[in-house]
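[1] any chance you could fold what I've pasted below:
(3 chains)
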Amino acid sequence: MKKNIATISPGFEDIMPEEYQDLVNDGPYGRGLGIKNLGTFKELIEEHPLCAGCGLALAIRLTAASLPAPEDTIIVGTTGCNSILMPQLAIHNIHSLFGNQSSLAAGLKRALKLRYPDKNKDVVVMAGDGGIADIGLSPTLHTWLRRENLTTIMLDNESYSNTGGQESGMSCEGAVLNMAPTGKKFPKIPMPEIAKDSGCAYVATVSVANARRLGRMVKRAILVAREIGPTYLQIFVPCPTNYKFSTSETLKRAKEREKIMEYISSEAEKLIKEANI
Amino acid sequence: MMERKVVDPEYMFKRAPREKKFLIGNEAVAEAVKRANVDIAIAYPITPQSEATHIVGDIYAEGYIKDYYRGEDEFNVMSAIAGARMGGARTFTATSGPGTLRAFEMFPLWAGARLPVVCAFMCRGVNSPLTIQPDNIEIGWLMDTGMLIFHAENPQEFFDMTLQAYIVAEQPDVHIPIGVCVDGFFVTHTREIVEVTPEDEMLPPYDPSTSPVPIMDMEVPPIRQMRDPFVMKSNYISYNTHASWQQEVRAAGERAKKHIARYVGKFIEVTNPDAEILLIASGTAAAQARVAMEQAREKGMDVGLAKIRVIRPFPEDEVRELAENPRIIIVPEHNIVGWLAREIKSRIDNSGKVRGHPRVFGGMTMPPEFIMEEIVNGRAR
Amino acid sequence: MKSSIRMSGLGGQGMVTAANLLGTAAVKDGKYSIVIPFFGAEKRLAPTESYLRISDEEVYEKGEAVYPNIIMVFHKDVIDKGKCYTMPFYEGLQSEGLLIINSANKVLIPEYDISKLRELKINIIYVSASKIAMEVAGTELATNMVMLGALIGVTEIVTLESMEKAITERFSGKTKFIASGTTAALDDVLKKKYTKAAQLIEKNMEAIRVAYTSTKNA
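    Presented below is the predicted three-dimensional model:
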């Protein structure tokens, strides 16, 4: 996006909403900001309609603040809690349907490559665990196997939170949730391992409690996807509503169960070193 | 790849010189794609569509299309097509019967997202039992998705309508998807004379700036366009927006009528409109009905034919007018549900005169003699 | 003149190719033609038919030739094993029609059916197409060519010149021919058999001429 496209035409300053003026005057477009700058600029998200203490909402906020080029990033989401929040990001984003976010993103990315051969347009898939690992597993895998230049970010709250807390493939074995009344019968789907085996050049896991590391991983994942091939980032985002804990405990829980892992292919390693991120 | 020039669509459709070829329907549609200045083609193999997208692949390999791949299944193919359209590219895809059903959730999305997708439907029976043979029941389901529907009778119309569909679908006041439907095998695998336009002439490219909804490329400010959205909110404005949005999609279909008249031509082709018995049919059934009409007229019976080429937007006024005179209307169809008869009955005043027979389905041919039998029975009544 | 032809045989015998060649030749003669193959999801040796309509006027009718005036049987299984889409195999054949059968054995058709065919005044021609194909072209894959030659010999439905043009176009490798994936695979078998496309075309034409001459003179 050319920065001047977002500027306000003379004479319209008074009638444009305040947050638009903030975004134009103090937004993150084209400034290369990150987590460490939070509090000093107008963020892409101002408010959200999700539950108090929502780990997923915080993860989207942190991800949005870490995008290496928010002015040229398009986010593709899917049905779930994320789809209620995502349309309120000041960035082009698409609610696909349920489970087809990766295939839609692949078509979008290819179209943008054709239309902007000399410009980076980062297409980021950001969806829940059910959307990616259950209903959307096939297109997720196939975009990886086809080596599409996409970043896939899973917001893993280990359940279908929007539909009322049902067990998902990413829930832990034994978890008692709706539709798993006697406890989940099989272990958490090993998505990071699958991502690695399916051709992702960069795979990482982190929790929402680890803001700086999360921010760095977002930047790495998007940069590698832009230049090399598919990347996968799995963020653990506890859900107080469906796992029935106090809204003040989200970060504590995230920290307790956080697993940090980073797989970087040798090609990606070189790129990350050169970019110094 | 040969040097090619962009030509005016109306010139291409109406005045361009034509070369006679002897082609099957699947070759004819690929010839159209070659001239349609397509950016991206994506598909998943299914009989009887497959040969069409094989040839489209060859066209890609020659450089006439910029990107092409085999998707993972029809739902995800249609999703990728949506993504490519949202990114401002012109696309082509095709599917058949079971593939249509697998992809179905995407069709109302295409319409609702105002994506001018052109998709070829090579209609085929659906399971169960398993069949690969011709049967166009899927058109009956597609009719209420918000898509526009053309029904081509033969490879020639398949060629022409596919090209015309791009120009109609991409009008800023239309900008909704068009399904170009044919009956599988009876068109896809049937070899006939097809007159094609010069190979070195192609349609003008799609201009994303004419889209009535923003292209998702971050080249226009996202602020306020996507914020405070009506998506998934629980309030009056949200419900009302969803309701009026659906009406707007249908209105776009109505607005397409003038463009269809200009680029595609007649919605209905009528022979002997004042006949006592009128056959109304679309697709292959119209071809069979034409033969039956000729046989009947040779025997001195007063029979006419109305071939409906455009199913959505439905030519209601024309059908109402046509339905006034005949004593009996016979609607032969290649499906078990009789979607065309149902449609006609619901639009005219005296629906009792409509006979929704013969219906042939499951892969069999409809001999003109079957229609003849209905004509004879109709006259006896 | 209006002809409606049904070719019945087993997948791989070349009914689809034969119908396409005949249709192409008819169009080259300035006539109208519609060619329709009919096959299931099965591969080789499954019942396969193709339907061909040739006329001086525009042809509209599609689908199976339910009431043909010419039937060509490529394999005996069509007659005695029910390997076709109609039963009996001559169902719908119009009176005074033509029936060409690939067989040296004239007692193939049951007595009952023979009397039916006699009632209909059907002209029955037997051709040892597979045998002639082996002798002339060195491959049974040329059976369809012999059958075409026989048909043209009896009916002159197309000219040999146009047929030669159609065959040259089909096998020269310059244009890609699409009928089905299996047809493409069989094309490759044929191409491997002959070192040059010209040789393949010539052998096919020779097979046609042999059958043409023998039926024309019969």
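[2] I'd say residue B:356 and residue B:338 touch.
    Yes - Residue B:356 lies in contact with residue B:338 (C-beta atoms under 8 Å); the separation is 4.1 Å. For the C-beta atoms, the positions are set from N, CA and C on the backbone; glycine is no exception.
[3] overlap of the contact sets of those two?
    Listed as contacting both residue B:356 and residue B:338 by C-beta atoms under 8 Å, 6 or more residues apart in numbering or on different chains are residue B:331.
[4] hey, where'd the strands end up in chain C?
    Using DSSP state E, the strands found in chain C span residues C:2-10, C:32-39, C:47-55, C:70-73, C:98-102, C:123-127.
[5] okay, those in CSV with distance to residue A:1, mean neighbour count and mean pLDDT next?
    Shown next, in CSV, are these (distance: least, C-beta to C-beta, whole Å; neighbours: other C-beta atoms under 10 Å in any protein chain shown; pLDDT from 0 to 100):
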stretch, distance to residue A:1, mean neighbour count, mean pLDDT
strand C:2-10, 62, 24, 95
strand C:32-39, 53, 24, 90
strand C:47-55, 58, 25, 94
strand C:70-73, 67, 27, 98
strand C:98-102, 70, 23, 97
strand C:123-127, 74, 17, 95
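[6] what's the neighbour count on the residue nearest to residue B:151 when sequence neighbours are not counted?
    The shortest distance from residue B:151 to any non-neighbouring residue, by C-beta to C-beta, 6 or more residues apart in numbering or on different chains, is to residue B:282 (4.3 Å). Neighbourhood size, residue B:282 [other C-beta atoms under 10 Å in any protein chain shown]: 30.
[7] do the same with residue C:31
    Residues near residue C:31, counting by other C-beta under 10 Å: 20.
[8] list the contacts for residue B:252?
    B:114, B:173-176.
[9] in terms of helices and strands, where is it?
    Per DSSP states H and E, residue B:252 falls inside helix B:236-263.
[10] ok, then the element right after that helix?
    Using DSSP H and E, the helix or strand that directly follows helix B:236-263 along the chain is strand B:268-271.
[11] related to what we said a few turns ago, off-centre distance for the helix holding residue B:252?
    On the basis of C-alpha atoms, centre = their mean, to the nearest Å, helix B:236-263 sits 18 Å off its chain's mean C-alpha point.
[12] and it, which residues are buried?
    Of the residues in helix B:236-263, B:241, B:248-249, B:252-253, B:255-257, B:259-260, B:262-263 count as buried by neighbour count, 16 or more other C-beta atoms under 10 Å in any protein chain shown.
[13] want to throw those residues into a markdown table with pLDDT?
    As requested, those are exported to a markdown table (pLDDT from 0 to 100):
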| residue | pLDDT |
| --- | --- |
| B:241 | 82 |
| B:248 | 95 |
| B:249 | 96 |
| B:252 | 98 |
| B:253 | 98 |
| B:255 | 98 |
| B:256 | 98 |
| B:257 | 98 |
| B:259 | 98 |
| B:260 | 98 |
| B:262 | 98 |
| B:263 | 98 |
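[14] tell me which of these is nearest to chain C?
    Among these, residue B:260 lies closest to chain C (C-beta to the nearest C-beta), at 23.4 Å.
[15] whatever residue of the stretch 151-277 of chain A ends up closest to chain B: what secondary structure?
    The stretch 151-277 of chain A approaches chain B most closely through residue A:162 (9.1 Å), counting by C-beta to the nearest C-beta. Under DSSP: H, G, I helix; E, B strand; the rest coil, the three-state class of residue A:162 is coil.
[16] what's around it, how many residues?
    Counted with other C-beta under 10 Å, residues neighbouring residue A:162 total 22.
[17] same check on residue A:3?
    Counted with other C-beta under 10 Å, residue A:3 comes out at 12.
[18] surely it meets residue A:31?
    No - the pair residue A:3 / residue A:31 is not scored as a contact, 9.5 Å apart, by C-beta under 8 Å.
[19] okay if I get the contacts of residue B:252 as TSV plus neighbour count?
    Shown next, in TSV, are the contacts of residue B:252 (neighbours: other C-beta atoms under 10 Å in any protein chain shown):
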residue	neighbour count
B:114	21
B:173	12
B:174	24
B:175	22
B:176	30
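[20] where in chain C is pLDDT low?
    Within chain C, the segments meeting pLDDT under 70 span C:41-44, C:174-184, C:186.
[21] let's see that with 90 instead.
    The model of chain C has pLDDT under 90 over residues C:1, C:11-12, C:37-47, C:80-87, C:104-108, C:170-200, C:216-218.
[22] how about the residues of it by chain A?
    Proximity of chain C to chain A (C-beta under 8 Å from any C-beta of the partner chain) involves no residue at all.
[23] remind me, longest helix of chain C?
    Assignment by DSSP state H gives helix C:197-217 as the longest helix of chain C.
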